[in-house]
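**Q** Give me the fold of what follows.
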Amino acid sequence: MTDRPLLGAACIPSAPLLVDGVGVGGGPTLQQLRLSVRRAVERLPSADVTVLVAAGRAALHDTIHIDLAGLGYPQITRTLASCPRAITALSRITQYPRVRRHRLPLDLAVLGLLTDRSLPVVALEVSASAEFPVLSALGTSVVQALGEAALTGIMVVAGDLSAGLGPGSPLAARPGAAQWDARVVEAFSSGDSGRLADLGPGDASEVGARGWAPLCVLHGAAASTALRLTVRRYLAPRGVGYLTVTAQ
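**A** Just a heads-up that it's a prediction; the model follows:
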């Protein structure tokens, strides 16, 4: 058992436009976002394994193959090592199914490319429709699994907030979207990320915020290890809210 299994964590966007070779230009706001993501990743400590968390179908991935051919970038591929010890422990604790797919879902793939720590990976998909207590407990389970596997880890979760902030957004304008994003930022800025419980899952779905569920997992993991959450940046290029948070 490791005394302090989770050494640090970060919330970064899982937007493909942040990947080198995909997003080009985009103006000063997007450049600021790229810099914020890079700095958040650089702040992560050394560890044995990286745990990636994004919304999707509840599953643990045994294979970590990244392929952006579906976006028109067949040259962007990478295969990362998985961490069977951590995956086995987490699957046993959570009863999440283990799957083998020819490529990671896009959100997890982007997190893997942006993190790029050359560490074994646990790729965890969580249900966007799960309730806050379930997701928070999942964060605690990640810490428990790392400890039982005698590993140290870092966690990187998707921080994509509303995709409906205005007429030019991917989801057009969603009522209350800007206010929803502001409440998420305030929850983390005030040191009370437990307020996420009041913001989903239904409300998160209404404003098109894929990052709500992964952020709840981050809350649980940070709370169980006394990591301090710090908001580094919130920006909304192209009508989508993106949050960057570090936990140390």
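**Q** quick one: the residue in the chain sticking out farthest from the centre from Gln248, how far?
**A** Relative to the centre of the chain, the most outlying C-alpha is that of Pro167, 26.1 Å out, by Cα atoms, centre = their mean. Going from Pro167 to Gln248 by Cβ to Cβ, to the nearest Å gives 38 Å. Where you see a C-beta, it was placed from the backbone N, CA and C, and this is true even at glycine.
**Q** Buried residues of the lowest-mean-pLDDT helix or strand in the chain, list them for me.
**A** Scoring the helices and strands of the chain by mean pLDDT, DSSP states H and E places helix 27-42 at the bottom, with a mean of 93. Across helix 27-42, burial judged by 16 or more other Cβ atoms under 10 Å covers 30, 33-34, 36-37, 40-41.
**Q** what's near enough to touch the residue farthest from the centre of the chain?
**A** 173, 239 (Cβ atoms under 8 Å, 6 or more residues apart in numbering).
**Q** Surely it is within a strand?
**A** No: with DSSP: H, G, I helix; E, B strand; the rest coil as the criterion, Pro167 is located in coil rather than a strand.
**Q** And what about the residue positioned nearest the centre of the chain, helix, strand or coil?
**A** The chain has Val157 as the residue nearest its centroid, 1.6 Å off, counting by Cα atoms, centre = their mean. What three-state DSSP gives for Val157 is strand.
**Q** burial of Asp20, as a residue count?
**A** Neighbour count of Asp20, defined by other Cβ atoms under 10 Å: 11.
**Q** And the strands in this protein?
**A** Assigned by DSSP state E, the chain shows strands spanning 6-12, 49-56, 59-61, 64-67, 77-80, 98-99, 121-127, 153-158, 229-235, 242-247.
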